[in-house]
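>>> here is a sequence together with a model predicted from it:
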Amino acid sequence: MKTERQLQNYIINRIRVLGGLCHKTESRSSRGWPDLICIYNGRCAFVEVKTPAGTGKLSALQKRCIEKLLVHKMDAFLVDSEELADELIDWLVG
């Protein structure tokens, strides 16, 4: 993977091919909110995607949003590699 956008597209396409739903959130209207909301067979994952190779970092606002989701017993993930994307999809498919 070369860019964050390519990694997002990889996740979106894989989940949609499986028959799941994957929605890209709009950053202007939802600052700090995870990039993707992925749904498959009764499971929902909030996914923050960062630049592959570990160069992307969570902002303070993104950290707070993920913490709030976890408090509400939602599943939130940070994905910064194709391998982690595959693990997320495996978890989602169950």
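Looks like it came in fine.
>>> need the next SSE after the longest helix along the chain, C-terminal direction.
Using DSSP state H, we find that the single longest helix of the chain is helix 4-17. Downstream of helix 4-17, the next assigned helix or strand under DSSP states H and E is strand 21-24.
>>> how far does that next one sit from the chain's center?
In terms of Cα atoms, centre = their mean, to the nearest Å, the centre of strand 21-24 is set 9 Å apart from its chain centre.
>>> for that strand, packing partners?
Contacts defined by 3 or more Cβ pairs under 8 Å, 6 or more residues apart in numbering; DSSP states H and E place strand 21-24 against helix 4-17, strand 36-40. All C-beta spots, glycine's among them, are computed from the backbone N, C-alpha and C.
>>> which of the ones you listed is buried the deepest?
Stretch with highest mean neighbour count among the helices and strands packed on strand 21-24: strand 36-40 (a mean of 19; mean count of other Cβ atoms under 10 Å).
>>> grab the most central residue of this structure for me.
By Cα atoms, centre = their mean, the chain has its centre lying nearest to V47, at 1.8 Å.
>>> run a quick check on that one versus F77, I expect a contact.
Yes: counting by Cβ atoms under 8 Å, V47 touches F77, with 5.1 Å between them.
>>> run through the chain and note the low-pLDDT ranges.
Within the chain, the ranges that satisfy pLDDT under 70 run 1, 53-54.
>>> OK, contacts around G32?
Neighbouring residues of G32 by Cβ atoms under 8 Å, 6 or more residues apart in numbering: S59, L61, Q62, R64, C65.
>>> swap in 6 Å and give it another go.
L61, Q62, C65 (Cβ atoms under 6 Å, 6 or more residues apart in numbering).
>>> can you count the residues close to the last one?
Read that as C65. Residues near C65, counting by other Cβ atoms under 10 Å, number 20.
>>> in the strand or helix carrying it, what counts as buried?
Using DSSP H and E, C65 sits in helix 60-71. Buried residues in helix 60-71, defined by neighbour count with 16 or more other Cβ atoms under 10 Å: Q62, C65, I66.
>>> what is it packed up against?
Judged by 3 or more Cβ pairs under 6 Å, 6 or more residues apart in numbering; DSSP states H and E, the packing partners of helix 60-71 are strand 75-79.
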